[in-house]
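Asker: This is a predicted model, with the sequence first.
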Amino acid sequence: MKYKFWLVIIILLMGFRSPDIFAQVNYTFTLANDSLAAPNVYEFDIYMLNNDTSEFQLAGFNFGFLFNPEVKDTGTIKVSWVPNSSQLENLAQLPRNFKASVVKRDSGDFGIIIVGPRIPPGHGNGSIISNKGMGTKVGRLRLTCNTNYNSARMNIKWNFGKTNGLYPTTIAAYIKNWNTNVTAMGKYESKLVNPVL
């Protein structure tokens with residue numbers, strides 16, 4: 001009985017500390033500067049801006065983007081970073097697990113681009129995200145098709161759903177030394193021109 005009492009006290013105290021431990025963060029991810037670098041190569045930049053004056057230390061991230069599968073026809077898309085395009089302080093945080101595929105659903109086909117996560121580096125080793133200009137450039141993503149792209153728009157969109165084969169965008173930051181999922185606390189914008197390929 002005595003142990004149950006102390007367990008309840010500890011749980012209550014942890015509950016009262018939660019707002020301090022898991023403080024709010026404010027950031028914006030932006031997709032920008034898309035272009036067709038070659039008939040089969042489409043690229044765009046990904047920026048992360050810290051909207052606060054307090055330090056934002058990135059723990060990790062993974063991206064899920066939807067795209068128009070008509071652009072590739074029967075071709076296969078390879079996803080990669082443009083070399084030396086990232087401004088992250090710790091380049092070991094830059095994901096290297098990529099996949100582009102088409103998911104069939106009741107309402108039609110969806111293209112999904114997966115940029116998979118890497119193991120978080122630990123508090124004190126994460127990249128500090130800038131609060132100036134557009135923020136820190138995560139990198140320039142390159143989508144290379146093994147055939148020329150069809151004359152259609154890529155229609156890149158953020159994805160947060162994880163059902164029916166879709167892959168969600170997830171962001172984590174170090175808050176009070178804790179690796180914390182902060183996905184819902186951010187804004188996700190697109191300034192892509194979205195040209196006909």
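Answerer: In hand now; what should we look at?
Asker: quick one: contacts for the residue minimising distance to the centre of the chain?
Answerer: Most central residue of the chain, judged by C-alpha distance to the mean C-alpha position with Cα atoms, centre = their mean, is Phe63 at 3.4 Å. For Phe63, the residues meeting the contact criterion (Cβ atoms under 8 Å, 6 or more residues apart in numbering) are 46, 95, 113-115, 169. For every residue, glycine as well, the C-beta is placed using N, CA and C.
Asker: what sits opposite it in the beta ladder?
Answerer: Each beta-bridge partner of Phe63 is listed here: Val115, as defined by DSSP bridges.
Asker: Ends of stretch 177-186, what's the gap?
Answerer: End-to-end distance of stretch 177-186 (Cα to Cα, to the nearest Å): 19 Å.
Asker: now it: mean pLDDT?
Answerer: Model confidence over stretch 177-186, given as mean pLDDT, is 94.
Asker: For that stretch, buried residues please.
Answerer: Of the residues in stretch 177-186, those buried under the neighbour-count criterion (16 or more other Cβ atoms under 10 Å) are 180, 182, 185-186.
Asker: which one of those residues is nearest Pro121?
Answerer: Distance ranking of the buried residues of stretch 177-186 against Pro121, using Cβ to Cβ, places Thr180 first at 14.7 Å.
Asker: quick one: the closest one and Thr170 touch, right?
Answerer: No: at 11.4 Å, Thr180 and Thr170 do not qualify as touching, with contact defined as Cβ atoms under 8 Å.
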